[in-house]
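S.K.: Okay, here's the prediction I keep looking at, along with the sequence it came from:
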Amino acid sequence: MRPKYVNQIGVIREFGGVELGDARRRKRLMKIVTKLDQKPDDSFPQALATEGDLEAFYRFVRNRAVGFDALFAGHRSATVDRARTHDEVLALHDTTEFSFGGTRAGMGRLKKGGHGFLGHFTQIVSADEAHAPLGTIAVESWARSGPTPTALRQQKKITYAQMHAMPSEQDRWLRGVDAAEAAVGGRTSLIHVMDSEADDYCLMAALAESRRRWVIRLCYDRKLAEGEIGQPTKTRELVAQRDVACTREVKVSRRRKQPGSDTHRRRAVRPHRTATLAISATPATFQAPPYVTGHAKSLGVHIVAAREVDPPADHEPIEWLLITTEPIDTDEQILKVVDTYRGRWVIEEFFKALKTGCAFEARELESWHTIQNALGLLVPVAWRLLDLRTRSRDDRGDEPARRVLTELEIQVLRRAAEKPLPAAPTVRDVLLAIARLGGHLRSNGEPGWRVLGRGYQDLLMMVAGFKLARAANM
């Protein structure tokens, strides 16, 4: 049995291994991170308060000796340490756009309009039902300076074969896998999880060839390798012939109106609900598209199909076609594939923590270099906010409060809490008290990560005041 990792609230430890080549830079880094951690959604001028601290911050992020890779190294190392306490973990891969107002040096055009850059993240979460966030293990950022190969093909400026011969943004998925595997160095088993944007024959073939573990949601109705006459020739036809093996009830999160939702089925507005999924599974052999070179002309996979039973009227049923090489011999193994894919929601919440909780896109910085350094500072803070919220909801909520707070913080919270804390408070007790400090109302349901962040900021300020008062009386 591996030892259970004990995490303390606070983000300083995430920068413990950062090397910046100068002790003064490291001291400045720790001071900046402490202030940002206390006020994650404030602007830099608000969080840093004094003119001297703000000027020092701008000098720090503009410094060419400081870069994203160096700032991120400590959090990546801490993430690996947390992952090592598990026999297997999920590596969630996804890409998001960061949009910034105005024109900034080094930024490029975005698909949804405006200027900014794209970030591809690999988030590590526990493989159990809690899907606890353990940290970010890989990040790749880039700005588009010209049309993508896909756009050139759509404009008929290149052929289909030429498009697939060009370097593509699609290659980021495999780079993320390789970066995550290199970081853990075989010290834990990774199951790589990706949404339908990653549905690519070459990617799946490369993962299979390197014996990686993976679950990818199907986007295309892929052609099957030729079989006997009368057998299915496409994936969906094959799946439709398979009997239901098992069912699973899942909670479906609410989806608000999004750009393009009127024409895109997967972005349509939907209410929060509990859905019953009918699940089947089957082996299949994909036939390689004509343009594929360097990989086998066929690929053996397993398909796990999950479709909602009796969805609400006027709502599209939940439907997942999951491609994997994980075993599907038993109902338990089939359900594990479905539950593995369900863990993907954590990376979406991480993006919300980074964009909304840390207000990353609102940062007033003028160049690629400074914005990337700000990203390096805020990724660990966003993880902390998400971790705080998750701890209030999973089975760790019954652990002693000292797992997440110092004794002094518990003492101050006991005095400040609107509702008296128990004599031996649990993690959930103190996190609900922190949420109430942040403005959470019981009638609003479970506390979100944002109110937890605000409440913790207030607690830190009260602890600081307590320390000052105690020092003045000594």
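M.R.: Perfect, thanks for sending it.

S.K.: OK, contacts around the closest residue to residue 278 other than its chain neighbours?
M.R.: Taking C-beta to C-beta, 6 or more residues apart in numbering, and ignoring the residues beside it in sequence, residue 278 has residue 244 as its nearest neighbour in space, at 4.6 Å. For every residue, glycine as well, the C-beta is placed using N, CA and C. Residues in contact with residue 244 (C-beta atoms under 8 Å, 6 or more residues apart in numbering) are 278-280.

S.K.: For those residues, pick the one with the most neighbours.
M.R.: residue 279 (21 neighbours; other C-beta atoms under 10 Å).

S.K.: thinking again about what came up before, turn the contacts of residue 244 into a markdown table, columns for secondary structure and pLDDT.
M.R.: Below are those laid out as a markdown table (DSSP: H, G, I helix; E, B strand; the rest coil; pLDDT from 0 to 100):
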| residue | secondary structure | pLDDT |
| --- | --- | --- |
| 278 | strand | 96 |
| 279 | strand | 97 |
| 280 | strand | 97 |
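
S.K.: which among the residues you listed gets closest to residue 233?
M.R.: Using C-beta to C-beta, residue 280 is the member of the contacts of residue 244 that lies nearest residue 233, at 18.7 Å.

S.K.: Quick check, residue 242 in contact with residue 278.
M.R.: No: Residue 242 is not in contact with residue 278 according to C-beta atoms under 8 Å; the separation is 10.7 Å.

S.K.: Could I get the contacts of residue 244 in a markdown table, plus columns for distance to residue 35?
M.R.: Formatted as a markdown table, these follow (distance: C-beta to C-beta, whole Å):
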| residue | distance to residue 35 |
| --- | --- |
| 278 | 51 |
| 279 | 49 |
| 280 | 53 |
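
S.K.: Return the closest of the residues you listed with respect to residue 301.
M.R.: residue 280 (14.6 Å).

S.K.: so who does the closest one touch?
M.R.: By C-beta under 8 Å, 6+ apart, residue 280 lies in contact with 239, 242-245, 304-305.

S.K.: Check those for burial and list the buried ones.
M.R.: When neighbours are counted using 16 or more other C-beta atoms under 10 Å, those contain these buried positions: 239, 245, 304-305.

S.K.: Let's have these in a markdown table, adding pLDDT.
M.R.: Output for the buried ones among the contacts of residue 280, formatted as a markdown table (pLDDT from 0 to 100):
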| residue | pLDDT |
| --- | --- |
| 239 | 95 |
| 245 | 96 |
| 304 | 98 |
| 305 | 97 |
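
S.K.: among those, which are in strands?
M.R.: Of the positions in the buried ones among the contacts of residue 280, 304-305 sit in strands, assigned by DSSP state E.

S.K.: possible to save the buried ones among the contacts of residue 280 as CSV with distance to residue 343?
M.R.: Supplementary listing: the buried ones among the contacts of residue 280 in CSV, determined by distance: C-beta to C-beta, whole Å:
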residue, distance to residue 343
239, 22
245, 21
304, 14
305, 18
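
S.K.: Which one of the buried ones among the contacts of residue 280 is nearest to residue 393?
M.R.: Of all those, residue 304 has the smallest distance to residue 393: 26.4 Å, by C-beta to C-beta.

S.K.: Buried residues, stretch 396-409. List them.
M.R.: For stretch 396-409, the buried set under the neighbour-count rule, 16+ other C-beta under 10 Å, comprises 396-397, 401-405, 409.

S.K.: Mind picking the one among those that's closest to residue 172?
M.R.: Each of those was scored against residue 172 by C-beta to C-beta, and residue 396 proved nearest at 32.9 Å.

S.K.: mind listing what the nearest residue to the closest one once chain neighbours are set aside touches?
M.R.: Taking C-beta to C-beta, 6+ apart, and ignoring the residues beside it in sequence, residue 396 has residue 427 as its nearest neighbour in space, at 5.8 Å. By C-beta under 8 Å, 6+ apart, residue 427 lies in contact with 391-392, 396-401, 403-404.

S.K.: Pull the contacting residues for residue 191.
M.R.: Taking C-beta under 8 Å, 6+ apart as the criterion, residue 191 is in contact with 88-91, 127, 213-215, 326, 340.

S.K.: now residue 458: how far from residue 357?
M.R.: For residue 458, the distance to residue 357 under the criterion C-beta to C-beta, to the nearest Å works out to 15 Å.

S.K.: So if I had to pick from those two, which one is more boxed in?
M.R.: Ranked by neighbour count (other C-beta under 10 Å), residue 458 and residue 357 place residue 357 first, with 26 against 16.

S.K.: ok, back up a step: now go through the contacts of residue 191 and say which are in strands.
M.R.: Secondary structure assignment by DSSP E places 88-91, 213-215 of these in strands.

S.K.: Could you look up the SS state of the most centrally placed residue in the chain?
M.R.: For the chain, the residue whose C-alpha lies nearest the mean C-alpha position (C-alpha atoms, centre = their mean) is residue 347; its distance is 2.2 Å. In the three-state summary, residue 347 is assigned as helix, counting by DSSP: H, G, I helix; E, B strand; the rest coil.

S.K.: Surely it touches residue 90?
M.R.: No: with contact taken as C-beta under 8 Å, residue 347 and residue 90 are classed as non-touching, separated by 9.6 Å.
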